[in-house]
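*Asks:* just a sequence and a predicted model for now, questions to come.
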Amino acid sequence: MNNQEVLLEVRDLEVCFGDRRKKFVAVSNVNFEIYKGETFGLVGESGSGKTTIGRAIMRIYPTSKGEILYKGKKINGNISKELDRQVIKEIQMIFQDPMASLNERAKVDYIVSEGLMNTQKLPKEEVQKRVQKALSDVGLLPEFASRFPHEFSGGQRQRIGIARALIMEPEFIVADEPISALDVSIRAQVLNLLAKMQKERGLTYLFIAHDLSVMRFITDRIAVIHKGRIVELAPTEKLFAHPLHPYTKALLSAIPMPNPIMEKKKKLLVYDPEMHDYMIDRPSWQEIEPGHFVFANKGEFAQYQKELEK
Amino acid sequence: MEQKTILSIKDLEIEFRLRGKDLHVIRGVSLDVHEGESLAIVGESGCGKSVFTKSLMGLLDSNGKIAKGSITYNGTDISAYRTEKEWMKIRGGEIAMILQDPMTSLNPLKTIGAQIEEAVYLHQGLKGAAAKQKVIEYLRDVGIHDPETRYKQFPHEFSGGMRQRVVIAIAIACNPKILICDEPTTALDVTIQAQILSLINDLKEKYKLTVIFITHDLGVVANVADRVVVMYAGDIIEEGLCEEVFFDPKHPYTWALLSSLPQLGVKGEELYSIKGTPPNLYKKIEGDAFAPRNPYALKIDFIKRPPFFQVSPTHKARTWLLDPRAPKVDPPEFIARLKEGGYALNE
């Protein structure tokens, strides 16, 4: 795992909102690396700060502490114009709600090509050609280019959102809950499309979601975030096989299973942050087995180790 | 098991008049709802599940009408009701509804207490201190801490899950016999979703309710339903006990719905997705509505609408595949994976 190329690195990231008197720390002490070509998942409930991290990487929100390194270069704070242009081209985002993220007054043609026109000087025919290609890549007909967003269903609109990101030929995509607003049957189509694009173009994804069941299918590694702090990070299969942090366990128990017998006797675990005794024994971010990190104090760490040995 | 039928729907057809054309949204649905059960209606968006339940409360938009059929509740045919006055006897007091989005279903200008009290006053005739006492009791029932303080607060001071609890409290305060939950958890997080579902289950026991769930998520169904009804293009295509529909589904559409669940996906493999789009309801549908998207479709599926074939006394499906003359088709292997349970979590 470690000899892979690191594409994005987040170090001690902190994002605050508001001024001094009403300062609110949305996320703090966030550390992770994303390798080239993988899908990295970020899971947590609403208000946990997962979208904030995604947006900080997109440079939509300013950071108050820490560094975000893309290909070894710092991209948060003030950066040179050249790097700015490179980052805009190479990091793209797919938004959660396809009903709200498309400009209702613009034609698909314009929505998809806007990024290209802003960053590169290309002849009109070339832009047209790329729009057509981007649309057919995501499974839409090229003639859709002259229509308006309201003429499309939710699944089709999400495809337009994906085409808009792909036309820039990015290397890294932040997908912020791309399927939570979609129907179950459409979800499968969009997930398949994302997986196909990754295979064909070697894309790297940061996949943000609240639903672990989807994560298991699409991600390679998962970070679980609670109240602005990452509490556990592990390869997907390890996280599902040996969840350690009580919050991860609570999230796993909440996944609705399509099996009535299991579902009716399952016990719902509820995570209560009060259960940790952090008064004397302070917790820290530790590696418990290769690639598997957990936020714990010494006592808990020993207990988790025992659980792993079982 | 002999069960009392509380609500009986016979050959219901609902049409909407849209731009000079008739849209056949519900096409001949018959369904019995038993007292005290929880029934789940499952289907894609646009299959008519919301329209169907809205018709039970007389909440169809003004361009929609019940073209045929009857809805019998407690011996009276409520589909013949025309005036608001008649419907008001049903709404709330007999059948109450919880809507999908708790962000929009509460009045932002009134306190939580006042909104629940309104239902208490209208349906139980309580006023003043007695009503307030009752409201606080309901707030406690739906799991809201410190109800005395919360009583005076406004919706914006509540989180999404808490608001949904308030909406449930309002529904319960009407003293209904039937509670319709229209996608009660779609707008919520998974952790909150699980809590709300178990809350509805608890309240069902406590207030002896009959619950009708509408959802597109089969995972939710497994948790809460006794019986499952699968709807497609305005028609019921499969009906059975929860275990029967999950472990022994018969209709290819039910197979497709189950197979596309990401819970069952294997990483690296393509997730099953249903090809094509639901049929255009402006046109008259010949045969089985799912046939054009159905890889198992037979010739007759395009010509003649299949009748219901009984699989067991409680389980029936509307597909020609169950006809004794049909070739034998095995359900896809995904269905077998279901029985194994995917992955075990609570060991």
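*Replies:* Yep, that arrived.

*Asks:* ok, and the closest non-adjacent residue to the residue of the stretch 1-150 of chain B found nearest chain A?
*Replies:* Going by Cβ to the nearest Cβ, chain A is nearest to residue B:45 of the stretch 1-150 of chain B, at 5.0 Å. Backbone N, C-alpha and C define where each C-beta goes, glycine included. In this structure, residue B:45 finds its nearest non-sequential neighbour in residue A:183, 5.0 Å apart by Cβ to Cβ, 6 or more residues apart in numbering or on different chains.

*Asks:* that neighbour: what's it in contact with?
*Replies:* A:154, A:155, B:44, B:45, B:216 (Cβ atoms under 8 Å, 6 or more residues apart in numbering or on different chains).

*Asks:* inside strands: which ones of the residues you listed?
*Replies:* When the contacts of residue A:183 are checked against strands (DSSP state E), there are no matches.

*Asks:* just give me the closest of those to residue A:138.
*Replies:* residue A:155 (10.6 Å; Cβ to Cβ).

*Asks:* and for the closest one, the neighbour number?
*Replies:* By other Cβ atoms under 10 Å in any protein chain shown, 22 other residues sit near residue A:155.

*Asks:* show me what the helix or strand bottoming out on mean pLDDT in chain A is packed against.
*Replies:* Every helix and strand in chain A was compared by mean pLDDT, DSSP states H and E; the lowest is helix A:260-265, with a mean of 77. When contacts are defined as 3 or more Cβ pairs under 8 Å, 6 or more residues apart in numbering or on different chains; DSSP states H and E, helix A:260-265 sits against helix B:218-224, helix B:242-247.

*Asks:* I figured residue B:272 hits residue B:259, correct?
*Replies:* Yes. Between residue B:272 and residue B:259 there is a contact under Cβ atoms under 8 Å: 3.9 Å.

*Asks:* intersection of neighbour lists for those two?
*Replies:* In contact with both residue B:272 and residue B:259: B:332, B:334, using Cβ under 8 Å, 6+ apart.

*Asks:* settle it for me: which of the two has more neighbours?
*Replies:* Shown here are residue B:272 and residue B:259; by other Cβ under 10 Å, residue B:259 has more neighbours (23 against 20).

*Asks:* give me the pLDDT for the more buried one.
*Replies:* Looking at residue B:259, its pLDDT reads 83.

*Asks:* what of residue B:342?
*Replies:* pLDDT at residue B:342 comes out at 48.

*Asks:* please apply the same query to the one 4 residues further on.
*Replies:* According to the prediction, residue B:346 has pLDDT 36.

*Asks:* what segments of the stretch 151-300 of chain A are helices?
*Replies:* A:154-166, A:184-201, A:212-218, A:236-241, A:246-254, A:260-265, A:298-309 (DSSP state H, counting those that start in this stretch).

*Asks:* sorry, slip of the keys, the one I care about is the stretch 201-347 of chain B.
*Replies:* Counting by DSSP H, counting those that start in this stretch, the stretch 201-347 of chain B has helices at residues B:218-224, B:242-247, B:252-259, B:333-340.

*Asks:* how about the one residue in chain B that gets nearest to chain A, nearest residue that isn't a chain neighbour?
*Replies:* Distance from chain A to each residue of chain B (Cβ to the nearest Cβ) is smallest for residue B:219, at 2.8 Å. Of all residues not flanking residue B:219 in the chain, residue A:256 sits nearest, at 2.8 Å (Cβ to Cβ, 6+ apart).

*Asks:* of all of the stretch 1-150 of chain A, which residue lies closest to chain B?
*Replies:* For the stretch 1-150 of chain A, Cβ to the nearest Cβ, closest residue to chain B: residue A:45, 4.6 Å.

*Asks:* so what's the residue count around that residue?
*Replies:* So residue A:45, with other Cβ under 10 Å, has 21 neighbours.

*Asks:* pull the CA atoms of stretch B:41-60 into PDB?
*Replies:* Taking C-alpha atoms only, stretch B:41-60 is exported to PDB below (Å, rounded to 0.1, in the frame of the first residue of the first chain):
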ATOM      1  CA  ILE B  41     -45.800  -0.300  -0.600                       C
ATOM      2  CA  VAL B  42     -42.600  -0.400  -2.700                       C
ATOM      3  CA  GLY B  43     -41.800   1.000  -6.100                       C
ATOM      4  CA  GLU B  44     -39.700   3.400  -8.100                       C
ATOM      5  CA  SER B  45     -40.500   7.100  -8.100                       C
ATOM      6  CA  GLY B  46     -43.400   7.700 -10.400                       C
ATOM      7  CA  CYS B  47     -45.000   4.300 -10.000                       C
ATOM      8  CA  GLY B  48     -48.000   5.800  -8.400                       C
ATOM      9  CA  LYS B  49     -47.500   4.800  -4.800                       C
ATOM     10  CA  SER B  50     -47.900   8.300  -3.400                       C
ATOM     11  CA  VAL B  51     -50.900   9.000  -5.500                       C
ATOM     12  CA  PHE B  52     -52.500   5.800  -4.300                       C
ATOM     13  CA  THR B  53     -52.200   6.700  -0.700                       C
ATOM     14  CA  LYS B  54     -53.200  10.300  -1.200                       C
ATOM     15  CA  SER B  55     -56.500   9.000  -2.700                       C
ATOM     16  CA  LEU B  56     -57.200   7.200   0.500                       C
ATOM     17  CA  MET B  57     -57.400  10.600   2.200                       C
ATOM     18  CA  GLY B  58     -59.000  12.600  -0.500                       C
ATOM     19  CA  LEU B  59     -55.900  14.600  -1.200                       C
ATOM     20  CA  LEU B  60     -55.600  14.100  -5.000                       C
END
